[in-house]
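sequence and predicted structure below; questions after.
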Amino acid sequence: MSAPLAVHSGVNGAALTVLIVLFVVVTVLGFLATRFHRGDTLASLDEWGLGGRRFGTWVTWFLLGGDLYTAYTFVAVPAAMFATGAVAGFFAVPYTIILYPIVFVFMARLWSVSHRHGYITSADFVQGRYGSRSLSLAVAVTGFLATMPYIALQLVGIQAVLDVAGLGGSGNWLAKDLPLFVAFAVLAAYTYTSGLRAPAVIAFVKDVLIYLVIIVAIVYLPHKVGGWDAIFGAAKDKMATTNAATGKPTGAFIPSSQQFWAYATLGLGSALALFMYPHSITASLSAKSRNTIRRNAAILPAYSFVLGLLALLGWVAIAAKTNPVGVDGKPNAQLVIPQLFEDFFPGWFAGVAFAAVAIGALVPAAIMSIAAANTFTRNIYKEWLRPDATDAEEAKVSKLMSLLVKAFALIFVLTMDRQNAINFQLLGGIWILQTFPAVVLSLYTRWFHRRALLLGWAVGMVYGTVAAYRVASPTTHHFGGSLADIPGLGEMGYIAMTAFVLNVVVAAVVSAVLHAMHVANGTDGTEVTDYHADVDDPRVASDVP
Amino acid sequence: MSLGNDSGSVPTPGNKALLAAAGVCLAIPLVALLWVGSYAKETPRIGSIPFFFWYQFLWVIITSALTYTAHRLVIAARRPRAGSAEHAR
């Protein structure tokens, strides 16, 4: 093992060269992507924002894989394993397993009804289902707010690799942040010109690199640090030590019986929430048929397997005594994977790994900014500001908005503490789950009343925000984690799930009351057959080229 | 999955037994993985890998297979049956 302290003596030339070359390659691909499955024009949201809705099984697999398994995930999951163990880190595995049966059930319905009516966002659907502008706005604003910090965190992922590669450390703010600035400017440019086709093409490169890097690492590294026995032994020892700040064990090797609820609710809550994010819906609706989505639910778990291996690399780093220290000299668990690669691999391969993370940040950042922009355009601009906007105008507004969203994320990361981005991301996960009843329950039934769904949403949002604010940790007074006491149960659980249950209960009770009072429940713009329509449906065939 | 609002005049969901079987395939992974107490233990190990970890990796593969099975079942259930009204032109 090289001496960990000597690592930051300078820039890692070989790694940096490989990183830059791969970055240039994906930039060229991003601009060429306009030609991919080309339509007649890019001047509509269907084309720019959904790639013409004609991505097949494999393109969708790469696109969704590149979209859901973000750079931040690749940095944060092993970091959580390294720092506090299996509950905070390995729950990502059951989460991304049960995700797919859930998606299988409802996403095909959302795809069908969206295709029949040209919906681009989940708020479009809610609007069509109830004719309720306020409920639709609530869904849209929640999606927009939850996505913003998520984009910012992708930048944190890029920062982590630049930091370990020796860039972005000392010197004035310009030298420090210039690489990040250039990366985002380039990303913004090709997203603007190519729309969703850019991340669809780049996702292919990203996913191949990620698979390659993780498989090489999981085969090569363990015997360098003494084998899996030594790895699990070192992790168990570390998790059993006492944390000086709390007086409790450092973390969990395997969840104890007091942590079962935490582990299960983190997994379930995250799985229910993930496909409520605008970027997940955008990538799903760009698929060309119902069955594209369902086939993908069966083949996407391949990424979950790789994510599990990556989580274990966090423990390989414990056995390897990796010392993740930033260029600023402060310890930072987020750097653990880049640091592990720099310590053990030749410079050029570390460069490939860094590129995998950096490109892995660009794909979701592009899709998220497109999705947030689509949400703004459809559900705020067109709905509230310019009802007579044409298709071309919608596309123009969305393209400009995608630039604004990215500029905002950049400013957010450059001016605020990294912890703020993480706090907001934590809140975003709690918030986005509160749109689940309005979107998914409404796919099946109109029994829930639109006003009751709005009230349930509001209760869930307030409860979740307050509960998260109250969580203290040794390092922060507020937003110290995503777990809190579940009232009346005496167990710790994921705050988003508790808020979600409250949300559904309020929506159900208030719906019953409003129905008893015969309050009208808006107009339904959809019909029963819409929910099963497929590409071979004659009515859909006329919409889909 | 057909619930709630599919009324009589609709030609969609077909064979109820096949759809129910698909539902079972999709429910099994949720039950297995949310029942954390059933797998939060170190033994039996495979090689050096504690049960808790290899068991969840195994479920990635099982779930993939079950989801694909559900997909085939739903296609079979929705296949237009002989004698039913014309499906698509």
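On my side now, so go ahead.

what about the nearest residue to residue A:474 once chain neighbours are set aside, neighbour count?
Nearest residue to residue A:474 in three dimensions, chain neighbours excluded: residue A:245, at 3.6 Å (Cβ to Cβ, 6 or more residues apart in numbering or on different chains). C-beta here means a position set from N, CA and C on the backbone, and glycine is covered the same way. By other Cβ atoms under 10 Å in any protein chain shown, 9 other residues sit near residue A:245.

ok so residue A:245 is a helix residue?
No: according to DSSP: H, G, I helix; E, B strand; the rest coil, the state of residue A:245 is coil, so it is not within a helix.

can you pull the pLDDT of it?
Note on residue A:245: pLDDT of 74.

just give me the neighbour total for residue A:331.
Counted by other Cβ under 10 Å, the residues lying close to residue A:331 total 10.

which stretches in chain A count as strands?
A:483-486, A:491-494 (DSSP state E).

deepest of the ones you listed, which one?
Highest mean neighbour count of the strands of chain A: strand A:491-494, a mean of 22 (counted as mean count of other Cβ atoms under 10 Å in any protein chain shown).

near chain B at all, that one?
No: under the criterion of Cβ under 8 Å from any Cβ of the partner chain, strand A:491-494 makes no contact with chain B; the nearest approach is 11.6 Å.

for the residue lying farthest from the centre of chain B, give me its contacts.
Most distant residue from the mean C-alpha position of chain B: residue B:48, 31.6 Å away (Cα atoms, centre = their mean). By Cβ atoms under 8 Å, 6 or more residues apart in numbering or on different chains, residue B:48 lies in contact with A:227, A:228, A:229, A:231, A:232.

ranking those residues by neighbours, who comes first?
When neighbours are taken as other Cβ under 10 Å, the top entry among these is residue A:231 (23 neighbours).

how far away is that residue from residue A:450?
Here the distance between residue A:231 and residue A:450 works out to 53 Å (Cβ to Cβ, to the nearest Å).

flag every residue of the stretch 101-250 of chain A that's near chain B.
Counting by Cβ under 8 Å from any Cβ, the residues of the stretch 101-250 of chain A that sit close to chain B are A:101, A:102, A:104, A:105, A:109, A:227, A:228, A:229, A:231, A:232.

ok, so of those residues, who is nearest residue A:506?
Ranked by distance to residue A:506 (Cβ to Cβ), those are led by residue A:102 at 22.2 Å.

just give the nearest non-adjacent residue to that closest one, would you?
Of all residues not flanking residue A:102 in the chain, residue A:271 sits nearest, at 5.7 Å (Cβ to Cβ, 6+ apart).

do residue A:124 as well
residue A:378 (5.7 Å).

pretty sure that neighbour is touching residue A:394, no?
Yes: taking Cβ atoms under 8 Å as the definition, residue A:378 is a contact partner of residue A:394 at 7.2 Å.

now list whatever residues contact both of the two.
Counting by Cβ under 8 Å, 6+ apart, the residues touching both residue A:378 and residue A:394 are residue A:45.

for the closest residue to residue A:51 other than its chain neighbours, what are its contacts?
Nearest non-adjacent residue to residue A:51, counting by Cβ to Cβ, 6+ apart: residue A:196, 4.1 Å away. By Cβ under 8 Å, 6+ apart, the contact list for residue A:196 reads A:48, A:49, A:50, A:51, A:282, A:283, A:286, A:367, A:370.

residue contacts, the closest residue in space to residue A:238 that isn't next to it in sequence?
Closest residue to residue A:238 apart from its sequence neighbours, by Cβ to Cβ, 6+ apart: residue A:318 at 5.3 Å. Applying Cβ under 8 Å, 6+ apart to residue A:318 gives the contacts A:82, A:231, A:234, A:235, A:238.

what does residue A:93 give?
When contacts are counted by Cβ under 8 Å, 6+ apart, residue A:93 touches A:304, A:307, A:308, A:311, B:56, B:57, B:60.

these: which two are farthest apart?
Most distant of the contacts of residue A:93, by Cβ to Cβ, are A:311 and B:60, 12.3 Å apart.

go ahead and confirm residue A:226 touches residue A:319.
Yes: using Cβ under 8 Å, residue A:226 is in contact with residue A:319, at 6.3 Å.

out of these two, which sits in the busier spot?
Neighbour totals were compared for residue A:226 and residue A:319, and residue A:319 leads with 23 against 13 (other Cβ under 10 Å).

show the pLDDT at the more buried one.
Here the pLDDT value assigned to residue A:319 is 94.

list the contacts of it.
In this structure, residue A:319 makes contact with A:225, A:226, A:230, A:231, A:233, A:234, A:235, judged by Cβ under 8 Å, 6+ apart.

any idea how far the fourth one is from residue A:447?
Noted for residue A:231: a distance of 52 Å to residue A:447, by Cβ to Cβ.

one more: the last one?
Between residue A:235 and residue A:447 the distance, using Cβ to Cβ, works out to 48 Å.

sorry, back to before: for residue A:188, state which of the contacts of residue A:93 is nearest.
Residue A:188 lies nearest to residue A:307 out of the contacts of residue A:93, by Cβ to Cβ, at 27.9 Å.

would you check that that closest one makes contact with residue A:96?
Yes: Residue A:307 lies in contact with residue A:96 (Cβ under 8 Å); the separation is 6.0 Å.

now do the shared contacts for these two.
Common neighbours of residue A:307 and residue A:96, using Cβ under 8 Å, 6+ apart, are residue A:69.

I'd say the residue nearest to residue A:102 and residue A:98 touch.
Yes: using Cβ under 8 Å, residue A:271 makes contact with residue A:98 at a distance of 5.0 Å.

these two: which is more packed in?
Ranked by neighbour count (other Cβ under 10 Å), residue A:271 and residue A:98 place residue A:98 first, with 26 against 23.

the more buried one against residue A:269, yeah?
No: the criterion here is Cβ under 8 Å, and residue A:98 misses it with residue A:269 at 10.8 Å.

what residues does stretch A:23-40 touch?
With contact meaning Cβ under 8 Å, 6+ apart, stretch A:23-40 is reached by A:42, A:47, A:51-52, A:54-55, A:59, A:183, A:186-187, A:189-191, A:193-194, A:197-198, A:200-202, A:205-206, A:355, A:358-359, A:362, A:545.

return the members of those classed as buried.
For the contacts of stretch A:23-40, a neighbour count by 16 or more other Cβ atoms under 10 Å in any protein chain shown gives the buried set as A:42, A:47, A:51-52, A:54-55, A:59, A:183, A:186-187, A:190-191, A:193-194, A:197-198, A:200-202, A:205-206, A:355, A:358-359, A:362.

number of nearby residues for residue A:28?
By other Cβ under 10 Å, 10 other residues sit near residue A:28.
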